[in-house]
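In: Quick check, what structure comes out for this input:
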Amino acid sequence: MGNDPAIEAIRRALIAVPTDGPLRLHLAELLIGAGRPSEAVAELATLLAAEPDHPGARELMFTALTPDRPAVPPVVIEPEPTPPVDPGPVTPAGESAPDGPPVFDWHAAESQLGDIAAPMFLTSGDVEDQAGAEPVEAFETQRPTLTLADVGGMQQVKDRLEAAFLAPLRNPELRRLYGKNLRGGLLLYGPPGCGKTYLAKALAGELGAAFISAGLSEILDMWMGSSERNVHELFTQARQSAPCVLFLDEIDALGQKRTQTRNSSMRSVVNQLLTELDGVTSDNEGVYVLAATNQPWDVDPALRRPGRLDRTVLVLPPDGLARESIFRSNLAHRPVEGVDLRRLAAGSDGLSGADIAYVCELATERAMMHGVRSGTVRMIGMADLLDALNQVRPSTHAWLDTARTVVQYGEDDGTHAELKAFLKKSKRW
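Out: Residues are numbered from 1 along each chain as shown. Next comes the predicted model:
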């Protein structure tokens, strides 16, 4: 049985975010629909291990384990008894038929149905009521309070964001003088766990703009045309919320190279993304599109042409200043004493922001378990943090090794020049 590109795309997304329950549930639904119940059972078992009381997973597990169970008979609603109507044989014109079988009286049948069946067509009043209703937002709109000042280090990334978005917004006269519009797209790429989503939220807070995030699970749908409609609704909501930062996570799955996609529905999603980014039917003024990916080499080249996601920013593992800031942020609300942040930053070279957060979590567990065993509560100290630091290995090394192979042997269009320079500087070339 051939692999479904949509299923494989979701599997890749789950490697990056294995705790995404809705995405794993959607994968199980697709596997059942593709006639692969045993694989669906494995995915649902993983989900139930993390969330034992998940109702949707339990019901879907029953469906996967009993694919051939008999269908539940439909419930038949019997109309209330009414006095028998005997209009007698009539003709379509309402006159009695002298000969032949009686003509069926449709008006009498409709009166007996009552309110059992909903009307097939809306009346003019119904249409007016729906037109006056407030539009339902399909995606969550946030108002982040973070700013770029909350992001430690990463000065080069901040400079790119300043030139692309912040400077034109803060200087409207210069913007009009140079003819700079407030629309555009930027692609953030780099190892996982290095703060791409955090940067996008900080940019929205810096702009005082709304923030809408969407990924694979919010857009992909099993029904034909639904995924394209979700993309359109996403951009429509962003335009209505302008100024707005629209963040597209895992863009390599949503905007995969069409030459590598055999599923026509996935190609249609890419086409819809291109249409919305171009603003063919609507103006994208005030909509700042940021996309993130760990695999920029899998993104369709058409998405990176001028006017779309034409600017590329490499988000590398945090530098020393950024690591110190991440340690400070993760330890700010924990009981600590005698902690040397500079020493921790120096000893965590190569760790991502997610790795550092995990180090702090392990150190907290170590101190807490000491209190559980001894009955005496103590603070989190350097010994706890250094012990945790020795247990964690950088998660960025595997990505950098893959990136080195792509840069060395892939097509060199100049896109990965910054990445190549970093690999040489870090002696990974």
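In: give the contact list for His416.
Out: Residues near His416 by CB atoms under 8 Å, 6 or more residues apart in numbering: Pro296, Ala403, Val406, Val407. For every residue, glycine as well, the C-beta is placed using N, CA and C.
In: Let me see the contact set for Arg239.
Out: Ser282, Asp283, Asn284, Gly286, Val287.
In: Show the model's pLDDT score for the nearest residue to the second one once chain neighbours are set aside.
Out: Nearest in space to Asp283, with sequence neighbours left out and distances taken as CB to CB, 6 or more residues apart in numbering, is Arg239 at 7.3 Å. Looking at Arg239, its pLDDT stands at 91.
In: ok, and Arg239, which helix or strand is that part of?
Out: helix 226-240 (DSSP states H and E).
In: partners of the helix or strand following that helix, with directions?
Out: Where DSSP H and E defines the elements, the next helix or strand beyond helix 226-240 is strand 244-248. Strand 244-248 pairs in its sheet with strand 210-214 (parallel), strand 287-293 (parallel), by DSSP bridges.
In: Can you tell me what sits against strand 244-248?
Out: 141, 197, 200-201, 203-204, 207, 209-215, 234-235, 238, 254-255, 286-292.
In: go with 7 Å
Out: Residues outside strand 244-248 that contact it (CB atoms under 7 Å, 6 or more residues apart in numbering) are 197, 200, 203-204, 207, 209-214, 238, 254, 286-291.
In: Using CSV, write down the CA coordinates of that strand.
Out: This file holds the C-alpha atoms of strand 244-248, laid out as CSV (Å, rounded to 0.1, in the frame of the first residue of the first chain):
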residue,chain,number,x,y,z
CYS,A,244,-1.6,41.3,12.4
VAL,A,245,1.4,38.9,12.5
LEU,A,246,0.3,35.6,10.8
PHE,A,247,2.6,32.8,11.9
LEU,A,248,2.6,29.6,9.7
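In: quick one: average confidence on it?
Out: For strand 244-248, mean pLDDT is 92.
In: Could you do stretch 377-394 as well?
Out: Computed over stretch 377-394, the average pLDDT equals 94.
In: what's near enough to touch the residue nearest to Glu418 when sequence neighbours are not counted?
Out: Using CB to CB, 6+ apart and skipping the chain neighbours, the partner closest in space to Glu418 is Leu314 (4.8 Å). Neighbouring residues of Leu314 by CB under 7 Å, 6+ apart: Tyr189, Gly190, Glu418, Leu419.
In: what are the bridge partners for Leu314, then?
Out: Under the criterion used (DSSP bridges), Leu314 bridges to Tyr189.
In: hmm, back to that, the residue nearest to Asp283 and Ala383, how far apart?
Out: Distance, Arg239 to Ala383, using CB to CB, to the nearest Å: 54 Å.
In: list the contacts for the closest residue to Glu51 other than its chain neighbours?
Out: Closest residue to Glu51 apart from its sequence neighbours, by CB to CB, 6+ apart: Gly21 at 5.9 Å. Contacts for Gly21 (CB under 7 Å, 6+ apart) come out as Leu47, Glu51, His54.
In: separation between Gly21 and Phe235?
Out: From Gly21 to Phe235 the distance is 26 Å (CB to CB).
In: still on that earlier bit, is it possible to mark the buried ones in the contacts of Arg239?
Out: Neighbour-count burial (16 or more other CB atoms under 10 Å) is assigned, among the contacts of Arg239, to Asn284, Gly286, Val287.
In: In JSON lines: these, plus pLDDT and distance to Asp340.
Out: As requested, these are exported to JSON lines (pLDDT from 0 to 100; distance: CB to CB, whole Å):
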{"residue": "Asn284", "pLDDT": "83", "distance to Asp340": "48"}
{"residue": "Gly286", "pLDDT": "82", "distance to Asp340": "45"}
{"residue": "Val287", "pLDDT": "87", "distance to Asp340": "44"}
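In: Report the mean confidence score over stretch 337-356.
Out: 94.
In: Next, the buried residues of it.
Out: Result for stretch 337-356 [16+ other CB under 10 Å]: buried residues Val339, Leu344, Ala345, Ser348, Gly350, Leu351, Ser352, Gly353, Asp355, Ile356.
In: where exactly do the helices run in the stretch 301-429 of the chain?
Out: Using DSSP state H, counting those that start in this stretch, the helices found in the stretch 301-429 of the chain span residues 320-331, 341-346, 353-374, 382-391, 396-409, 417-425.
In: for the host helix or strand of Leu169, which positions count as buried?
Out: Using DSSP H and E, Leu169 maps to helix 167-170. For helix 167-170, burial by neighbour count (16+ other CB under 10 Å) applies to Pro168, Leu169.
In: about what we covered before: got the strands paired with strand 244-248 as CSV, with distance to Ala34 columns?
Out: Formatted as CSV, these follow (distance: least, CB to CB, whole Å):
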stretch, distance to Ala34
strand 210-214, 24
strand 287-293, 26
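In: deepest of those, which one?
Out: Most buried of the strands paired with strand 244-248 by mean neighbour count (mean count of other CB atoms under 10 Å) is strand 287-293; its value is a mean of 27.
In: Residues in contact with it: which ones?
Out: 165, 183-189, 196-197, 200, 238-239, 242, 244-252, 277, 299, 309.
In: Quick one: classify Ala200 as helix, strand or coil.
Out: In three-state terms, and counting by DSSP: H, G, I helix; E, B strand; the rest coil, Ala200 is helix.
In: can you count the residues close to it?
Out: 26 (other CB atoms under 10 Å).
In: Tell me how far it lies from Arg24.
Out: 24 Å.
In: just Phe165 next, same as before
Out: From Phe165 to Arg24 the distance is 34 Å (CB to CB).
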